[in-house]
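Student: Build me a model from this:
(chains A and B)
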Amino acid sequence: MESPFIELKNVTKQLGSLKVLDGTDLSIRQGEITTIIGKSGVGKSVLLKHIVGLMRPDSGQVLYHGSPLSKMKKTERKEMKRKISYMFQGTALFDSMTVYENIALPLKEKTALSDSDIGERVRKQLHRLDIEQIDGKYPSQISGGMKKRVALARALVTEPEIVLFDEPTTGLDPIRKGAVHQLISDFQKKFGFTGIIVSHEIPDIFYISQQIAMLNGGKIIFQGFPEEIQRNSDPMIQEFIQGLESRRDELTGMTPHLRGNQRFREGLAWLSRHRLSFSIIMLRLSNIDEINAAAGHTVGMMVLKNFADLIQPRLRVTDTCMRFGFDTIMLLLPNTDLNQAQMVCAKLSKDLKGADIVEAAHFSDINISISAGLAEAEENSQLEELLKVAESVQTDFFEYRCREAS
Amino acid sequence: MTADMDDSIEKNKRPRPGGFNLRINRNRKLGGNPDIILTTPFSILGRGVIYFFQEIGKVTGFLFQGFFLIFSLPIQFDKFIQQIFFIGTKSLLVICLTGAFTGMVLGLQGYYTLVKFGAEGLLGAAVALSLIRELGPVLTAIMIIGRAGSAMAAEIGIMRISEQIDALETMDIHPIRFLVSPKMAASLFSFPILTSVFDVIGIFGGYVSGSLLLGINPGIYFSRVESCVVMEDITGGFIKSIVFALLVATICCYQGYFTHTRSEGFGAKGVSLSTTAAVVISSVLVLVADYLLTSFLL
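Tutor: Sure, this is the predicted structure:
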């Protein structure tokens, strides 16, 4: 088997008399986002600092492509450091430099780019993160959330191969939180970097991560796919995940992912016990990438939020509306067969026609299209299978052209 | 959580290098392991000495790193200019004021002493030599420590505690090259120039009090200055100011750079202690180095 990209082998670290890492094993695959979750103070940041080389393990090894960090030559280590970027939990912005200078610094110091090229790249980052207007301000003059975004911009501006994010979204509002997660995911798809995120944002972080690792008591007690951790039966893991997940999705006010899954299982139970049919409608913002590119990630999230706000009051009391990913909303319709579901869908589509789900006055040049897919559950259906069915039969549900509207 | 708190309290209790650490275990009979029964004065002394030499080693390493990184490519020219502006240009007023009043008081005191021997004609020589050989370099260094040295320590200290230095490291920007080297280069450049400004203004200060107020012939005053000062005096003064520049920049930056390793204070308190230590240690070392240099140069 191919050796993992980054690997921690039996790493221990004692700070004072507290053993923070106690035989930690972790492997990170190239080109994937791995999220490390765990209680506060359990040593997640310390773990990240070991990966980036800011801290050295008391025993054990950190391996890159199978070769230990401690035995690397100076030039090799330099080469490796050049590929890594780190976003600090406390942002660690240079407080005597402006926002612009902060973001430009890694480019200015480490590349041979001309000032105009640097300026262009920095402005692109500022635009993506919706902080263009503060480029001349100093970190002490901007809010905590803005600082987070500046730190994120600084970490991503060099287009690194490995990016370590230490709580990138703590202190941001739901729309911006979603935007940052999407931005990380977009960048990851675009540049294929390997991301390691320390985060408490459950379930949002599951949408963008390929791997989840949970740190507890100095050890990684779980590592696997996001779906696996949600299904894991270990009571400690479940307690942790469910404890963090709120009753309502922060952005849309809908039922969050995990609870939605529970509703789905309830629906299936009704189906098998009382023969009550049960359908799903999957609504997907199919051109979210386009919107993000044209108007920024914040607008993408705003559209989803506004759309959710429009849908929810039009549903029946028994229906469940759940957030199912960054661009997807799922409606669970109990006691409804496929035909009825189609009628519901058509009615919703008619009701929403022409609704202004972005403030058209502000964004005159974006179009929005939402597609719908329907599927009816059978007795032994799995949610994943149903989703595949729904995905295969997607039709246009909602079209919005800003130009026409205005 | 309580376990964590206990641990952190425990952490703060760890023996400090050079500190007094007395541990008595009454349950053990005398004659057991002496280290457990009592930390003897010898071991305290020994620990202190080891700590002292360790620090000297670290400071020397820091100095060499900072100095040689000045010449690493690409040369950080704009930072160097900024630091010259901060350390040099902005200290000019203070240096002029100190220089003027030092020269004037030397004129007064010198006149008072020399007139007793009827040698007030030598006032120019007395003022110029004491300024160029001694007071110029030392007072300039001490004034810059107060103005710029404390600022260097505080700036770097704050960067350390807010993880900005770690951030530099993760960006593969050498923190010593980025932060310390320009300050060191600018000090090496500014100290001799400021010292010479101090000397010149001081000599004019002596002229103001000696000639204008006390009536010594200006011609005699300046001809004595010219005839008594030789190139060696000026070279000596310059050597001193260069050594002081290295000392001050190294000590002040070092104190700030290692703020986080202080065991007696963390965070803002750590920075305040570093700044104090930077000013005190570099001032004392300037005077010690002055004595040593004088004894070598004479």
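
Student: pretty sure A:Phe397 belongs to a strand, no?
Tutor: Yes - counting by DSSP: H, G, I helix; E, B strand; the rest coil, A:Phe397 is located in a strand.

Student: I'd like the distance between it and A:Phe278.
Tutor: A:Phe397 is 20 Å from A:Phe278, where distance means CB to CB, to the nearest Å. Glycine gets a C-beta too; all of them are placed from N, C-alpha and C.

Student: Can you pick out the residue with more neighbours from these two?
Tutor: A:Phe278 (24 against 20; other CB atoms under 10 Å in any protein chain shown).

Student: So what sits opposite the more buried one in the bridge?
Tutor: Beta-bridge pairing for A:Phe278 (DSSP bridges): A:Pro334.

Student: my read: it touches A:Asn335, true?
Tutor: Yes - with contact defined as CB atoms under 8 Å, A:Phe278 counts as touching A:Asn335 (7.1 Å).

Student: How about chain A: which residue is closest to chain B?
Tutor: Proximity to chain B, evaluated over chain A using CB to the nearest CB, is greatest for A:Gly16 at 3.1 Å.

Student: intersection of neighbour lists for A:Phe278 and A:Asn335?
Tutor: Shared contacts of A:Phe278 and A:Asn335, defined by CB atoms under 8 Å, 6 or more residues apart in numbering or on different chains, are found at A:Trp270.

Student: which regions of the chain lie under the pLDDT threshold?
Tutor: Picking chain A for this. A:1-3, A:244-250, A:253, A:256-259, A:356, A:358-365, A:400-406 (pLDDT under 70).

Student: actually it's chain B I care about, not the one you picked
Tutor: In chain B, residues with pLDDT under 70: B:1-39.

Student: can you do 50?
Tutor: B:1-32, B:34, B:36-37 (pLDDT under 50).

Student: Show me where it has its helices.
Tutor: B:2-12, B:34-37, B:41-69, B:77-83, B:92-114, B:123-129, B:136-144, B:150-161, B:164-170, B:175, B:181-207, B:218-228, B:231-257, B:267-297 (DSSP state H).

Student: Quick one: those helices as a markdown table, columns for mean neighbour count and distance to A:Leu283 too.
Tutor: A markdown table is the format used below for the helices of chain B (neighbours: other CB atoms under 10 Å in any protein chain shown; distance: least, CB to CB, whole Å):
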| stretch | mean neighbour count | distance to A:Leu283 |
| --- | --- | --- |
| helix B:2-12 | 11 | 46 |
| helix B:34-37 | 12 | 73 |
| helix B:41-69 | 14 | 59 |
| helix B:77-83 | 15 | 54 |
| helix B:92-114 | 19 | 70 |
| helix B:123-129 | 25 | 89 |
| helix B:136-144 | 26 | 69 |
| helix B:150-161 | 23 | 49 |
| helix B:164-170 | 22 | 41 |
| helix B:175 | 18 | 51 |
| helix B:181-207 | 24 | 57 |
| helix B:218-228 | 15 | 92 |
| helix B:231-257 | 22 | 56 |
| helix B:267-297 | 17 | 50 |
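
Student: Around chain B, which positions in the stretch 151-300 of chain A sit nearby?
Tutor: Contact residues, the stretch 151-300 of chain A versus chain B (CB under 8 Å from any CB of the partner chain): A:Thr158.

Student: Which parts of the stretch 151-300 of chain A are strands?
Tutor: Assigned by DSSP state E, counting those that start in this stretch, the strands in the stretch 151-300 of chain A fall at A:162-166, A:194-198, A:211-216, A:219-224, A:278-285.

Student: Dump those into CSV; add distance to A:Asp351 as well.
Tutor: CSV is the format used below for the strands of the stretch 151-300 of chain A (distance: least, CB to CB, whole Å):
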stretch, distance to A:Asp351
strand A:162-166, 40
strand A:194-198, 39
strand A:211-216, 39
strand A:219-224, 42
strand A:278-285, 13
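
Student: Mind telling me which residue is nearest the centre of chain A?
Tutor: Centrality entry for chain A: nearest residue to the mean C-alpha point is A:His181, 3.5 Å, by CA atoms, centre = their mean.

Student: Report the separation between that residue and A:Gly192.
Tutor: 18 Å.

Student: Show me what counts as buried in stretch A:323-337.
Tutor: Within stretch A:323-337, the residues that count as buried by 16 or more other CB atoms under 10 Å in any protein chain shown are A:323-336.

Student: burial count for residue 74?
Tutor: No chain was given, so I picked chain A. A:Lys74 has 7 neighbouring residues, counting by other CB under 10 Å.

Student: Chain B, not that one
Tutor: Count around B:Pro74 with other CB under 10 Å applied: 7.

Student: Name the residue most distant from the centre of chain A?
Tutor: Going by CA atoms, centre = their mean, the residue of chain A most distant from its centre is A:His274, 38.3 Å out.

Student: For A:Leu126, give me its contacts.
Tutor: A:99-100, A:103, A:132, A:135, A:153.

Student: Apply 6 Å and report the result again.
Tutor: By CB atoms under 6 Å, 6 or more residues apart in numbering or on different chains, the residues touching A:Leu126 are A:132, A:135.

Student: Point me to the helix or strand that includes it.
Tutor: Applying DSSP states H and E as the criterion places A:Leu126 in helix A:115-128.

Student: next one: that helix to chain centre, how far?
Tutor: Chain-centre distance of helix A:115-128: 24 Å, with CA atoms, centre = their mean, to the nearest Å.

Student: returning to that earlier point: measure the residue of chain A closest to chain B to B:Ser263 for me?
Tutor: From A:Gly16 to B:Ser263 the distance is 11 Å (CB to CB).
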